[in-house]
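S.K.: My questions are about this predicted structure, shown below with the sequence.
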Amino acid sequence: MSWKRGIVCLYFAIILFSFASAVDVTKSGDTVSVSSATNLYAYEVNFAFTGTPSVSSYGSFLGADTSTGSNTRGTTFSVYESKLDPTQTGTSGSGSLFSASSTGTFTLSSAELVYADGSETTLSCGDGTCNLAETTSSCAADCPSTGGGGTSGGATTTTTTTTTTTVESVGVSVSPEELNVDLIVDKVESVEITVSNDGDNDATLTMEATSELSGKVTFSPSSFVLAPGEEKVVEVVFAVREGGLLTGEILIKSGAIAVATIPTSVNVRSENFLFDVALALVWGKKNFLSGENLRLDISLLQVGPEEKVDVTANYIIKDFTGNTYFEESETFFVLGGKDYIKEISTEGLQPGKYTAGLEIVYPGAFATSSTQFSVVEKADRSLIFFIGVAVVLVAAVILVVVWAVRRGRKKAVKKKRG
């Protein structure tokens, strides 16, 4: 009978291993993490909330090149992220996804995980409770609890559901890949984007604007189906009733998952503004290591009769979820025009995409200009160093070969003459 006991023990060991290896989404404080993921490509995590919810940062689990965003639907706050990997390779293991909170209550309610093969798992806390011992995937912590129900000794009853569907297509590309839109407050401005289906299946897609652009953007069409190889031109219409620099993302979604994204900056100015305002990155450099200085080439040109005007210049760095990381102001006068360089440190910025903005304000008028940039991993500097060394070595080898060939030719000529 001992061998039977051994088989039984082995069986329970396998069951316990399956418990431990099930994928979980957990919330500890403000940080939401995933554990035991296999080939994860994208996610959407949902919360029940009161007050004002927000995302403070995204983790590095899916990597640096991702599409991120959040939105609010009624009393549900959703946070999502998707890799933008042309090889469609997922990430396995455990790690931090993002940090989010609300000024009121903020409770994890469900999550949708999408894998590189296109399959999708929905994790749900049924009836506001969670069972951490289920073999199927489940929300693991900080789930809403019901006042009644449960068993003696503080235990609770649970309902956990897991469903699997297929994302219709992740082979979607967009053009342009970023937008920087100039418009006049209370005036409508439109741009066109092209959405292409590069995958092998039909893609049912919807358009959505996030963050500070939510409610200020409409799409025509707002949803459509693309066959493989087909593309669609979408008109994006902006209508803004406030000044300043607005940021957000335009999402192309398949179901609940963003399969393509366009980081978007909207520069709003008042009508009859006295200056043309232009801002650009010096030398067109777009990628920076954290701590490097942005060098912004700024040009103010007075329109109409020249007169001395005292202006306030507000410098801003924002991400595309509406968070502001840098603000600084200075006041000076302009007569005719002014060209200058402004340096801003990127110290403390995590790898990701940002926009640097300039708002010029004087009594009764304002104008904004901006440019987008990225903060990249420090490892990129090592890569650049090694590439530089390789180039130098190749150049040295070429010089040695040329020298040797010329020397050989000279010796051959001397020998022939002798």
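M.R.: It's in.

S.K.: Check the burial of Cys291 by counting its neighbours.
M.R.: Heads up, residue 291 is Gly, not Cys. The number of residues packed near Gly291 is 12, by other Cβ atoms under 10 Å. For the C-beta atoms, the positions are set from N, CA and C on the backbone; glycine is no exception.

S.K.: How about the backbone phi and psi for the closest residue in space to it that isn't next to it in sequence?
M.R.: Ranked by Cβ to Cβ, 6 or more residues apart in numbering and with sequence neighbours excluded, the top spatial neighbour of Gly291 is Glu347, at 4.9 Å. Torsion angles at Glu347 (phi, psi; degrees, to the nearest 10) stand at phi -50, psi 130.

S.K.: So Glu347 is in contact with Ser290, correct?
M.R.: Yes - contact criterion Cβ atoms under 8 Å: Glu347 and Ser290 qualify, at 6.7 Å.

S.K.: Mind checking which of these two has more residues around it?
M.R.: More neighbours surround Ser290 than the other of Glu347 and Ser290, with 15 against 11 (other Cβ under 10 Å).

S.K.: For the chain, which strand extends over the most residues?
M.R.: For the chain, the longest strand by residue count, based on DSSP state E, is strand 31-49.

S.K.: Can you show me the helices along the stretch 1-150 of the chain?
M.R.: 2-21 (DSSP state H, counting those that start in this stretch).

S.K.: could you pull out the strands for it?
M.R.: Using DSSP state E, counting those that start in this stretch, the strands of the stretch 1-150 of the chain run over residues 24-28, 31-49, 53-58, 66-73, 76-83, 91-102, 106-115, 119-124, 138-139.

S.K.: Next, format those strands as JSON lines and append distance to Gly229 and mean neighbour count.
M.R.: Below are the strands of the stretch 1-150 of the chain laid out as JSON lines (distance: least, Cβ to Cβ, whole Å; neighbours: other Cβ atoms under 10 Å):
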{"stretch": "strand 24-28", "distance to Gly229": "36", "mean neighbour count": "20"}
{"stretch": "strand 31-49", "distance to Gly229": "22", "mean neighbour count": "21"}
{"stretch": "strand 53-58", "distance to Gly229": "33", "mean neighbour count": "19"}
{"stretch": "strand 66-73", "distance to Gly229": "23", "mean neighbour count": "20"}
{"stretch": "strand 76-83", "distance to Gly229": "22", "mean neighbour count": "22"}
{"stretch": "strand 91-102", "distance to Gly229": "29", "mean neighbour count": "17"}
{"stretch": "strand 106-115", "distance to Gly229": "23", "mean neighbour count": "22"}
{"stretch": "strand 119-124", "distance to Gly229": "24", "mean neighbour count": "20"}
{"stretch": "strand 138-139", "distance to Gly229": "39", "mean neighbour count": "26"}
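
S.K.: Would you single out the least confident of these?
M.R.: Mean pLDDT is lowest for strand 138-139 out of the strands of the stretch 1-150 of the chain, coming in at a mean of 42.

S.K.: mind checking the end-to-end distance for stretch 346-356?
M.R.: The first residue of stretch 346-356 is 10 Å away from its last residue (Cα to Cα, to the nearest Å).

S.K.: please begin residue numbering at 498 from this point
M.R.: That works, and once the first residue is 498, the last one we named lands at stretch 843-853.

S.K.: any residues touching it, and which ones?
M.R.: The contact list for stretch 843-853 (Cβ atoms under 8 Å, 6 or more residues apart in numbering) reads 554-555, 557, 561, 565, 677, 742, 744, 760, 762, 776, 778, 785-791, 793, 812-817, 822, 841, 867-874.
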